[in-house]
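A.B. asks: sequence and predicted model, in that order:
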Amino acid sequence: MKRQIGRGGRAVSAAFAAMCAVVALSGPVYAAGPAPYAFDPGAKRVAGAVANADAPVLEAGSVYRSSIGPGEKLYYRVNLDAASDAYVSAVVVPRSPEETVAYGDGITVSIRDRNDARCGSDDALVGSAEFARPLSAYAVRSVEKASSYCQEAGAYDVLIERKSKETSSPETWDLEIRHDVEPTLRSAGSQPTTAPSEFASEPPAPLPTSAPRAARSGGTGFNDATGLEPGEWKDTVSPGQTRFYRVPVDWGQQLHVTAELSNNNASTTFLGNALSLSLANPARGHVEDAVLSYSGRPASVSLDPLPPVGWSNRYASASGVSGMRFAGWYYVAVGLSPKVAKEYGAGPIKLTLTVQVKNGAQPSPYAGDAGIFGVSDGDRDMARSGQSAPQAARSATMRLVGVTGIGAGTVLVLGLGVWTLLARRRAGAAAERAGRPSPYGGPPQAW
């Protein structure tokens with residue numbers, strides 16, 4: 001026989017489910033040392049195909065986990081409409097920071113039509129900072145009236161190719177793949193179609209020396225990147241470790257980022273390209289990077305000046321401009337070479353990140369919900385409190401547990417009272433039928 005769950009039962013069930021969600025969201029606990037890359041726990045496992053006819057389909061708005069070996073060329077597939085710009089990003093993750101890599105190692109991501117014409121592509125490559133770390137890139141299929149290819153609706157191939165020198169480690173690398181589609185414009189044809197000719201490139205004024213430096217511990221991937229608002233933020237970074245942060249940048253706003261390593265008195269040995277500072281946009285496309293050499297003294301590096309977020313940036317050829325094409329969370333990654341450990345020890349070195357965002361926010365050009373391509377009040381709150389996406393989810397779940405728990409507790413107390421009253425009435429009635437006094441003093445007397 002089926003039984004309906006009453007309101008009290010539903011409340012208790014909801015509270016229990018919410019508490020289970022808290023446990024599920026807590027994620028794995030890692031031992032001391034550089035933690036593994038934090039893959040999206042909701043990512044679906046998928047294997048790339050050697051032949052495009054066997055390629056698995058990537059759904060828009062979804063995240064996938066895959067892997068790729070040296071020299072491999074793997075196919076995936078996406079179904080695109082004829083009206084929206086589409087993005088497929090790949091984060092390539094070496095399984096150990098101790099792997100040997102060389103300049104030019106990495107991956108190329110491309111979107112191709114059914115005749116293998118390349119619609120868009122980008123590389124995620126090891127540059128002058130020659131040490132293993134997560135790298136990201138995306139391929140774009142743009143809808144343009146002036147273009148004669150890659151404009152039709154239908155199936156498109158996504159090709160991910162890994163490049164690796166013979167001297168590099170032969171290990172398989174992990175992939176985190178994401179497919180996103182840009183929202184529809186509020187008014188078709190309302191946005192400019194040429195790249196900006198210039199933008200203000202002056203660095204912002206230094207923050208006041210009296211401004212407090214608050215501590216924020218960076219995440220280990222895009223998924224658990226720590227939220228930052230403008231200011232100076234203290235952290236540490238260990239050799240072989242990459243720290244991830246995210247900053248909400250709205251339409252019309254201009255982002256400036258500087259990373260500073262503190263002194264370390266263990267040595268004065270010069271290490272070229274010891275630290276990598278990189279920026280990725282909300283679709284995880286590479287925007288800009290910079291490298292820093294280190295010799296045990298305080299040293300800093302800034303990203304080159306970036307334009308304010310604007311629609312027209314997408315038509316520029318330079319990635320430092322075209323990447324600033326939409327609003328949303330911008331991701332800052334700071335990686336320290338494992339070679340630093342040999343001269344300066346394996347312990348962490350103090351790191352300061354200075355984040356500044358100029359200009360007020362402008363309206364979104366999209367017709368409806370911008371999704372990842374916008375900045376909400378909730379995003380600003382997360383940046384203010386320093387929350388990552390999983391932490392924000394846990395906070396929301398704990399609020400649900402609190403509200404549901406109070407509701408369930410009230411229902412249980414009321415239910416217990418009703419049960420007690422009914423039990424007394426039954427006992428009293430039974431006593432009257434048996435000619436005995438009620439064990440609870442009989443029914444209430446009239447006033």
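C.D. replies: Perfect, thanks for sending it.

A.B. asks: in a strand, that's where residue 123 is, yeah?
C.D. replies: Yes. Under DSSP: H, G, I helix; E, B strand; the rest coil, residue 123 falls within a strand.

A.B. asks: what sits opposite the residue nearest to it when sequence neighbours are not counted in the beta ladder?
C.D. replies: In this structure, residue 123 finds its nearest non-sequential neighbour in residue 108, 5.1 Å apart by CB to CB, 6 or more residues apart in numbering. Bear in mind the C-beta positions are built from the backbone N, C-alpha and C, glycine included. Beta-bridge partners for residue 108, by DSSP bridges, are residue 123, residue 161.

A.B. asks: repeat that for residue 79.
C.D. replies: Applying DSSP bridges, one finds that residue 79 bridges with residue 155.

A.B. asks: mind listing the helices for the protein?
C.D. replies: Using DSSP state H, the helices of the chain run over 7-25, 319-322, 340-344, 377-385, 389-434.

A.B. asks: follow-up on the earlier one: quick one: the residue nearest to residue 123 and residue 121 touch, right?
C.D. replies: Yes. Residue 108 is within contact range of residue 121, at 6.1 Å (criterion: CB atoms under 8 Å).

A.B. asks: which ones are touching residue 203?
C.D. replies: Shown in contact with residue 203 (CB atoms under 8 Å, 6 or more residues apart in numbering): 256, 302, 305.

A.B. asks: how far out from the middle of the chain is stretch 305-315?
C.D. replies: With CA atoms, centre = their mean, to the nearest Å as the basis, stretch 305-315 stands 21 Å off its chain's centre.

A.B. asks: let me fix that: stretch 46-53
C.D. replies: With CA atoms, centre = their mean, you get 26 Å for stretch 46-53.

A.B. asks: stretch 306-326 too?
C.D. replies: On CA atoms, centre = their mean, the centre of stretch 306-326 falls 20 Å from that of its chain.

A.B. asks: OK, contacts around residue 379?
C.D. replies: Residue 379 neighbours (CB under 8 Å, 6+ apart): 227, 248, 329.

A.B. asks: count of residues packed around the last one?
C.D. replies: Close neighbours of residue 329, defined as other CB atoms under 10 Å, add up to 24.

A.B. asks: now do the contacts for the residue nearest to residue 123.
C.D. replies: 121-124, 137, 159-161, 163.

A.B. asks: which of these sits closest to residue 192?
C.D. replies: residue 122 (22.7 Å; CB to CB).

A.B. asks: contact partners for the closest residue in space to the closest one that isn't next to it in sequence?
C.D. replies: Distances taken as CB to CB, 6+ apart place residue 137 nearest to residue 122, at 4.2 Å, with adjacent residues excluded. Contact partners of residue 137, counting by CB under 8 Å, 6+ apart, are 89-90, 107-109, 122-124, 285-286.

A.B. asks: once you drop chain neighbours, what's closest to residue 175?
C.D. replies: Nearest residue to residue 175 in three dimensions, chain neighbours excluded: residue 66, at 4.3 Å (CB to CB, 6+ apart).

A.B. asks: you'd agree that neighbour is up against residue 49?
C.D. replies: No. Using CB under 8 Å, residue 66 is not in contact with residue 49; the gap is 10.5 Å.

A.B. asks: what is the neighbour count of the residue nearest to residue 175?
C.D. replies: Residue 66 has 21 neighbours, counted by other CB under 10 Å.

A.B. asks: ok, it to residue 360 distance?
C.D. replies: Counting by CB to CB, to the nearest Å, the gap from residue 66 to residue 360 is 41 Å.

A.B. asks: same thing with residue 317?
C.D. replies: Residue 317 is 28 Å from residue 360, where distance means CB to CB.

A.B. asks: next one: residue 39
C.D. replies: Here the criterion is CB to CB. By it, residue 39 lies 36 Å from residue 360.

A.B. asks: more neighbours, those two?
C.D. replies: More crowded of residue 39 and residue 360, by other CB under 10 Å: residue 39, with 19 against 9.

A.B. asks: how about that one, what does it touch?
C.D. replies: 65, 93, 174, 176, 221, 223.

A.B. asks: now distance to residue 345 too, for those residues, in JSON lines please.
C.D. replies: Below are these laid out as JSON lines (distance: CB to CB, whole Å):
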{"residue": "65", "distance to residue 345": "34"}
{"residue": "93", "distance to residue 345": "25"}
{"residue": "174", "distance to residue 345": "28"}
{"residue": "176", "distance to residue 345": "31"}
{"residue": "221", "distance to residue 345": "25"}
{"residue": "223", "distance to residue 345": "30"}
